[in-house]
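S.K.: Please find the sequence and the predicted model below.
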Amino acid sequence: MDYNKIMNSAVGIGALVGLYLGLNSFLNLFNRWALGIYGFKFPLIVTCAHLFFGFVALAPYQLLGKNKDIHQAALRETWPGIVMVGLFMAVNIALNNASLVGMVLSLNQVIRASIPCFTAVFAIGIEGRIPTRMQTAGLIPISLGVMVAVWEGSHTSSSTSGIILCCIATVSNALMMTISGRVMSSKIDSMRLTFYTAPVSVMALLPFALYRESSAFEEYYATNATPTILLLVGGSIAALAYNVVHNQMIAVMSATATTVLGNVKIVILIFASSVMFGETNDWGYKLVGGTALTLGGFFLYSYAGLRDKLEQMRASELKAEGKQDGNYRV
């Protein structure tokens, strides 16, 4: 059975989208609960544990069997991109986790809705992808809505430092996604990219984790050993699954198109965090309006991105059948 053919089919893309949304939503809710509500305030240690677990779990598959002889050539050709992806991944995950200690998940997700604005800009120079007029029209309300939400959100229960950390993490995530798309165009699949970048991210974060959190973590672990192990192992399994699916999304749908699906995820998380954590109780009308403006732009951007993707798929099918039609639209 042809794996690439399945991944590019409607059923394969649908399953991938479902996994992406489910894992992303679960991981965000889990991290917000663990770091901000339960009180497990060790975001750097959590990030290092997730990444190290992913590397160890993938090592047998990557270092044995048919894959063991392909790494040297792949790393020689793509190591600069892999290092950059690993560093931006470290900044993105660590600072986003740190932001959840002091800010509500709902506002965190509204800020991260601005990722398409950054990926669209970065993709022009890195991937050579230029946004269409409809995509650009969607990016404008996203930018305005996020600015309103950030301004008003600074007056809610979310801390200013949490908002700043989230903004930096958002830019880092956009750079990571765009460079990942470029690296995977060099025939590196999503699992290998996850395997290669994990050690880079861990080495970048571990000194900071040891300096800032090791003493408090030792005291916490001494009286909470079982909950600590469950939190780290459970989160690590979810993070590994999400990282593989996330990179596969980029490989199949491009970095910019992957962000299109964020609108559904944001709606899910805002609703879920409101129901589970009561996070939107202190939202004013400006924050609600900024969120609505952001989501409206996101839906427009999503429609444009998905339409373009479907057009490309149909054009490829027609070309393969010898029935090219340059004017075909969906």
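M.R.: In hand now; what should we look at? Residues are numbered from 1 along each chain as shown.

S.K.: okay, CA-based contacts and neighbour counts for the rest of this
M.R.: OK.

S.K.: quick one: buried residues of stretch 180-200?
M.R.: 180-184, 188, 190-200 (16 or more other C-alpha atoms under 10 Å).

S.K.: ok, now stretch 115-132?
M.R.: For stretch 115-132, burial by neighbour count (16+ other C-alpha under 10 Å) applies to Ile115, Pro116, Cys117, Phe118, Thr119, Ala120, Val121, Phe122, Ala123, Glu127, Arg129, Pro131.

S.K.: Equivalent analysis for stretch 206-221, please.
M.R.: For stretch 206-221, the neighbour count (16+ other C-alpha under 10 Å) marks Leu206, Ala209, Phe217 as buried.

S.K.: Closest one of these to Val148?
M.R.: Nearest to Val148 among the buried residues of stretch 206-221: Ala209, at 33.2 Å, using C-alpha to C-alpha.

S.K.: For the closest one, which three-state class applies?
M.R.: Using DSSP: H, G, I helix; E, B strand; the rest coil, the structure places Ala209 in helix.

S.K.: Verify the contact between it and Ile45 for me.
M.R.: Yes: in this structure Ala209 lies within contact range of Ile45 using C-alpha atoms under 8 Å: 5.7 Å.

S.K.: How many residues are close by Met276?
M.R.: Neighbours of Met276 under the rule other C-alpha atoms under 10 Å: 11.

S.K.: the strands in the stretch 1-150 of the chain, which residues?
M.R.: Secondary structure of the stretch 1-150 of the chain by DSSP state E, counting those that start in this stretch: no strands are present.

S.K.: Flag every buried residue along whatever helix or strand Leu295 lives in.
M.R.: Using DSSP states H and E, Leu295 sits in helix 285-320. For helix 285-320, burial by neighbour count (16+ other C-alpha under 10 Å) applies to 287-288, 290-306, 308, 314-315.

S.K.: Show me what that helix is packed against.
M.R.: Packing partners of helix 285-320 (3 or more C-alpha pairs under 8 Å, 6 or more residues apart in numbering; DSSP states H and E): helix 133-153, helix 255-260, helix 262-277.

S.K.: looking at those helices, which one has the lowest mean pLDDT?
M.R.: Mean pLDDT is lowest for helix 255-260 among these, at a mean of 57.

S.K.: give me the element Gly234 is part of.
M.R.: Using DSSP H and E, Gly234 maps to helix 225-253.

S.K.: For that helix, give the mean pLDDT please.
M.R.: Here helix 225-253 scores 84 as its mean pLDDT.

S.K.: So which elements touch that helix?
M.R.: Judged by 3+ C-alpha pairs under 8 Å, 6+ apart, helix 225-253 is in contact with helix 10-31, helix 43-63, helix 160-184, helix 190-223, helix 255-260.

S.K.: Using PDB, list the CA coordinates for the second one.
M.R.: Listed in PDB are the C-alpha atoms of helix 43-63, where the atom choice follows Å, rounded to 0.1, in the frame of the first residue of the first chain:
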ATOM      1  CA  PRO A  43       7.700  24.600  32.000                       C
ATOM      2  CA  LEU A  44      11.300  24.100  31.000                       C
ATOM      3  CA  ILE A  45      11.600  20.700  32.600                       C
ATOM      4  CA  VAL A  46       8.300  19.700  31.100                       C
ATOM      5  CA  THR A  47       9.600  20.800  27.600                       C
ATOM      6  CA  CYS A  48      12.900  18.900  28.000                       C
ATOM      7  CA  ALA A  49      11.100  15.800  29.200                       C
ATOM      8  CA  HIS A  50       8.700  15.800  26.200                       C
ATOM      9  CA  LEU A  51      11.500  16.300  23.600                       C
ATOM     10  CA  PHE A  52      13.800  13.800  25.200                       C
ATOM     11  CA  PHE A  53      11.100  11.200  25.400                       C
ATOM     12  CA  GLY A  54      10.300  11.700  21.700                       C
ATOM     13  CA  PHE A  55      13.900  11.200  20.800                       C
ATOM     14  CA  VAL A  56      14.300   8.000  22.900                       C
ATOM     15  CA  ALA A  57      11.000   6.600  21.600                       C
ATOM     16  CA  LEU A  58      11.900   7.100  17.900                       C
ATOM     17  CA  ALA A  59      15.600   6.000  18.300                       C
ATOM     18  CA  PRO A  60      15.000   2.200  17.800                       C
ATOM     19  CA  TYR A  61      13.000   2.800  14.600                       C
ATOM     20  CA  GLN A  62      15.400   5.400  13.200                       C
ATOM     21  CA  LEU A  63      18.700   3.700  14.100                       C
END
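
S.K.: Work out the gap between it and the centre of the chain.
M.R.: 17 Å (C-alpha atoms, centre = their mean, to the nearest Å).

S.K.: and Thr226, how many neighbours does it have?
M.R.: Thr226: 10 neighbours (other C-alpha under 10 Å).

S.K.: No further questions, thank you.
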